[in-house]
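Novice: Dropping a prediction and its sequence here:
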Amino acid sequence: MTTSPAIQISSLARSFGSTQAVAEVSFSAEPGRVLALLGPNGAGKTTTMRMLLGLVRPDSGHALIEGLSYAEIHNPAGRIGAVLDAGGLHPDRTARQHLAITAAMIGATPERVSQMLQEVGLAEAADRAVRGYSLGMRQRLALANALLGEPTILVLDEPANGLDPAGIRWLRQHLRGFAARGGTVLISTHVLSEAALVADDVVIIDRGRSLLSGALDQLTTDRDLEQLYLSMTSTSTTPTLDDTTIDQETLR
Ligand SMILES: Nc1ncnc2c1ncn2[C@@H]1O[C@H](COP(=O)(O)OP(=O)(O)OP(=O)(O)O)[C@@H](O)[C@H]1O
């Protein structure tokens, strides 16, 4: 018997007008592992995730969750939890109210809401309006929301964005724990040092194409992730001395 990968992306493509956001992306993510999607700004990471979550229709190719498109999944909240944007929160609502609304929609209990608030470290702030929340607190709330339905797959776009060092370590431990319990994690990140710590597998995307995918330890036997990434991708925003004109006046 063959079982479908938790996530399978095959020859995915999508254009917006004349912009080819995703040209040819293929990879798969497996249970018990964390996969990090890496690539420069505009590489097509978010669009790939949006296609997986049924928010954008592919022009061609497939984005499947355990063999099904998102629209075909019965009870998606119990299968896949996602955070694409930690915004979109109502400023006057508390964290508990936000989670209670999701809980009512997916059939989760108030106990589960309290458990998630505790788990993401928002128990004390749970009854404060989110207008006073930091970006990191919003990320934690968004993660709690994604976890409410007890999914086995997590899809997170830039989840470390806005977290302080302790928050980043907390997130890493959380994602590792989720994978250790048999879950599948797909994240996108620009922070290569964090990807190197949290990921089992990486996919490098550039200009809408997946250029490389595989187990991190196998891909980095002779160079580190940063060297690998910079050798594969086209854009480097850091000027080198060769292409920098040093203004002698400003040096004085
Ligand atoms: N709805 C849209 N309409 C028009 N262009 C879009 C749309 N969504 C994405 N794009 C374009 O598609 C390309 C890929 O965008 P995408 O957000 O997928 O990249 P990304 O890898 O997630 O980038 P970043 O790391 O900056 O978040 C970009 O050029 C972007 O401007």
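Specialist: On my side now, so go ahead.

Novice: ok, how many other residues are close to Arg93?
Specialist: 15 (other Cβ atoms under 10 Å). No exception for glycine: its C-beta is placed from N, CA and C like everyone else's.

Novice: I'd assumed Arg128 was in contact with it.
Specialist: No. Judged on Cβ atoms under 8 Å, Arg93 makes no contact with Arg128 at a distance of 10.2 Å.

Novice: quick one, helices of the stretch 151-252 of the chain?
Specialist: For the stretch 151-252 of the chain, the helices defined by DSSP state H, counting those that start in this stretch occupy 165-180, 192-198, 216-219, 225-232, 248-251.

Novice: and stretch 13-25, which residues are buried?
Specialist: Ala13, Arg14, Gln20, Ala21, Val22, Ala23, Glu24, Val25 (16 or more other Cβ atoms under 10 Å).

Novice: Please go through those and note which also touch the ligand.
Specialist: Applying Cβ under 6 Å from any ligand atom to the buried residues of stretch 13-25, one finds that Ala21 fall near the ligand.

Novice: just the buried residues of stretch 13-25 now: which is nearest the ligand?
Specialist: Ala21 (3.1 Å; Cβ to the nearest ligand atom).

Novice: how close does that closest one get to Ala71?
Specialist: Per Cβ to Cβ, to the nearest Å, Ala21 is found 20 Å from Ala71.

Novice: Equivalent analysis for Glu150, please.
Specialist: 21 Å.

Novice: Give me the more crowded residue out of these two.
Specialist: Neighbour totals were compared for Glu150 and Ala71, and Glu150 leads with 14 against 8 (other Cβ under 10 Å).

Novice: Verify the stated contact: that one with Asn75.
Specialist: No. Counting by Cβ under 8 Å, Glu150 sits too far from Asn75 to count as a contact (10.4 Å).

Novice: Now Gly214: closest residue in space, sequence neighbours ignored.
Specialist: Among residues not flanking Gly214 along the chain, Asp201 sits closest, at 6.6 Å (Cβ to Cβ, 6 or more residues apart in numbering).
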